[in-house]
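> Quick one, fold the following:
(chains A and B)
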Protein chains: 2
Amino acid sequence: MGTREGGYAVGRLRREQIVTAATELFSRVGYRHATVLELAQAAGISRTGLLHHFSSKEALLEAVLQRRDVEDTARLAPAQTDETGLTALAALVDLARYNASRPQLVALFAVLSAEASAPDHPAHDYFVQRYRRTVEGARRSLCRAERAGLLAAGVDPSRQARALVALMDGLQVQWLLSPDDVDMAEEVRQQVQQLLTVPLPGSD
Amino acid sequence: MGTREGGYAVGRLRREQIVTAATELFSRVGYRHATVLELAQAAGISRTGLLHHFSSKEALLEAVLQRRDVEDTARLAPAQTDETGLTALAALVDLARYNASRPQLVALFAVLSAEASAPDHPAHDYFVQRYRRTVEGARRSLCRAERAGLLAAGVDPSRQARALVALMDGLQVQWLLSPDDVDMAEEVRQQVQQLLTVPLPGSD
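Model prediction:
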């Protein structure tokens, strides 16, 4: 049993290492270009070894996408307890700031989300669902702020939620191309602030 | 001379046909994936024939990008004569509406602009310059509106120009993934309208 648990732990660690290497390779050469052999080499294991942990390149892509979601959800979760929505909106600014520390992953998501608009792309459904979830999360925060009387006059939570997510995506493209010209966190902060009647917490 | 002009005309027509076929193929399989042979086959000519008109895949990509810019500039140019900037801002709404009629080209630009964040990508400089130009164009229109006293209180033209371009890009990704959920032109119209103290012309 102890050995078995040790085996599981080693397996988990190895899977994490493969996902890390795959994230780096996908970010650099794109998902479609990376081969299973290259992915295995990047992770320092054999092709057979990689396929023991992930049955296909698609399965590995799924793991890469899921890891980011797990990380981001963990970052954003504490803010969800604030019933005014303000902490969750401030967390979007923090997310933009954090994204500025991981250009490769941001680039990967930018390429993949566009590639995945093709209905036969393996990540198509993932991105459709991801955007629904993200827009819905932003809408919920804005609705909370509205109920707390903190939204500026005329702000429509549903419309602004979609616009806010779009803004964050679009800024990423401009920032990836000209990192010195674009301060993503500050741009997001200013736009969110315009929707509110009170100062956004924790971002000055 | 007549024959020579005829020859030029045929050459131009053939180049246009190749660019059309390349736009379609790049949009479908991505720039990096398309081979010169496939591009030639898509245009219905030989590989040598294609290379007679375009020396490389990069040169053909450049022609694809330039054609869109020439078309879009022609669409947006008449609006530039309005010294209040309002017509130019309304033209951005029209551009969003027009983009909804060409999903393949929109997808191509979304993938390419993200791929091109790699400094060694053949379209890197093109996209850096394109965003500078686009943001500057939006800023000029907002500055004109400001001088005409038509901007809402507290609107910063430079900041809102960048945000407006980011919004349009981000909406494209959401629309490509879920076309029935997103009305790009209406979203852009509402966001631009919020920046103004008067109704945006010609888009209702």
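
> if you go through chain A in chain order, where are the helices?
A:2-29, A:36-43, A:47-53, A:57-76, A:86-99, A:103-115, A:124-147, A:157-177, A:184-194 (DSSP state H).

> Can you lay out those as a markdown table showing mean pLDDT and mean neighbour count?
Yep, even glycine has a C-beta here, placed from its N, CA and C like the rest. Output for the helices of chain A, formatted as a markdown table (pLDDT from 0 to 100; neighbours: other Cβ atoms under 10 Å in any protein chain shown):
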| stretch | mean pLDDT | mean neighbour count |
| --- | --- | --- |
| helix A:2-29 | 82 | 15 |
| helix A:36-43 | 96 | 18 |
| helix A:47-53 | 95 | 15 |
| helix A:57-76 | 89 | 16 |
| helix A:86-99 | 94 | 21 |
| helix A:103-115 | 88 | 23 |
| helix A:124-147 | 95 | 18 |
| helix A:157-177 | 97 | 23 |
| helix A:184-194 | 96 | 20 |
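
> May I see those helices organised as JSON lines, with distance to B:Val10 added?
Shown next, in JSON lines, are the helices of chain A (distance: least, Cβ to Cβ, whole Å):
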{"stretch": "helix A:2-29", "distance to B:Val10": "40"}
{"stretch": "helix A:36-43", "distance to B:Val10": "44"}
{"stretch": "helix A:47-53", "distance to B:Val10": "51"}
{"stretch": "helix A:57-76", "distance to B:Val10": "45"}
{"stretch": "helix A:86-99", "distance to B:Val10": "50"}
{"stretch": "helix A:103-115", "distance to B:Val10": "36"}
{"stretch": "helix A:124-147", "distance to B:Val10": "42"}
{"stretch": "helix A:157-177", "distance to B:Val10": "38"}
{"stretch": "helix A:184-194", "distance to B:Val10": "49"}
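
> Make CSV out of these and add distance to chain B.
Below are the helices of chain A laid out as CSV (distance: least, Cβ to the nearest Cβ, whole Å):
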stretch, distance to chain B
helix A:2-29, 8
helix A:36-43, 15
helix A:47-53, 22
helix A:57-76, 14
helix A:86-99, 11
helix A:103-115, 3
helix A:124-147, 5
helix A:157-177, 3
helix A:184-194, 6
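
> B:Leu164 is nearest to which of those helices?
helix A:157-177 (9.1 Å; Cβ to Cβ).

> Show me what the closest one packs onto, helices and strands only.
Contact partners of helix A:157-177 among helices and strands, from 3 or more Cβ pairs under 8 Å, 6 or more residues apart in numbering or on different chains; DSSP states H and E: helix A:86-99, helix A:103-115, helix A:124-147, helix A:184-194, helix B:103-115, helix B:124-147, helix B:157-177, helix B:184-194.

> Of all these, which one is nearest B:Leu76?
The closest of these to B:Leu76 is helix B:124-147. By Cβ to Cβ, the value is 7.6 Å.

> name the helices or strands packed onto the closest one?
In terms of contacts (3+ Cβ pairs under 8 Å, 6+ apart), helix B:124-147 is packed against helix A:157-177, helix B:57-76, helix B:86-99, helix B:157-177.

> In TSV: the ones you listed, plus distance to A:Ala148.
Shown next, in TSV, are those (distance: least, Cβ to Cβ, whole Å):
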stretch	distance to A:Ala148
helix A:157-177	12
helix B:57-76	41
helix B:86-99	33
helix B:157-177	25
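
> Of those, which is nearest A:Cys143?
Set against A:Cys143 and scored by Cβ to Cβ, those come closest in helix A:157-177, at 4.8 Å.

> ok now the closest one, how far from the chain's centre?
Between the centre of helix A:157-177 and the centre of its chain there are 13 Å (Cα atoms, centre = their mean, to the nearest Å).

> What of stretch A:93-106?
Here stretch A:93-106 is found 9 Å from its chain centre; the criterion is Cα atoms, centre = their mean.

> swap in stretch A:70-85?
Centroid separation for stretch A:70-85 versus its chain: 14 Å, with Cα atoms, centre = their mean.

> Alpha carbons of it, in CSV - could you do that?
Extracted in CSV, the C-alpha atoms of stretch A:70-85 (Å, rounded to 0.1, in the frame of the first residue of the first chain):
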residue,chain,number,x,y,z
VAL,A,70,-7.3,25.0,-11.7
GLU,A,71,-4.6,27.6,-10.9
ASP,A,72,-6.7,30.6,-12.0
THR,A,73,-9.8,29.3,-10.2
ALA,A,74,-7.8,28.9,-7.0
ARG,A,75,-6.5,32.5,-7.4
LEU,A,76,-10.0,33.9,-7.9
ALA,A,77,-11.9,31.7,-5.5
PRO,A,78,-11.3,33.7,-2.2
ALA,A,79,-12.7,36.8,-3.8
GLN,A,80,-16.0,35.1,-4.5
THR,A,81,-17.0,35.4,-0.8
ASP,A,82,-17.4,39.2,-1.0
GLU,A,83,-21.1,39.8,-1.6
THR,A,84,-20.5,43.2,-3.1
GLY,A,85,-18.5,41.7,-6.0
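
> ok, back up a step: can you tell me which of the helices of chain A is nearest to B:Gly202?
Ranking these by proximity to B:Gly202 (Cβ to Cβ) places helix A:157-177 first, at 20.9 Å.

> Chain neighbours aside, what residue packs nearest to A:Pro157?
Computed as Cβ to Cβ, 6 or more residues apart in numbering or on different chains, the closest residue to A:Pro157 that is not its neighbour in sequence is A:Leu142, at 3.7 Å.

> likewise A:Ala114?
A:Ala114's closest residue in space is B:Ala110 (Cβ to Cβ, 6+ apart), at 3.5 Å.
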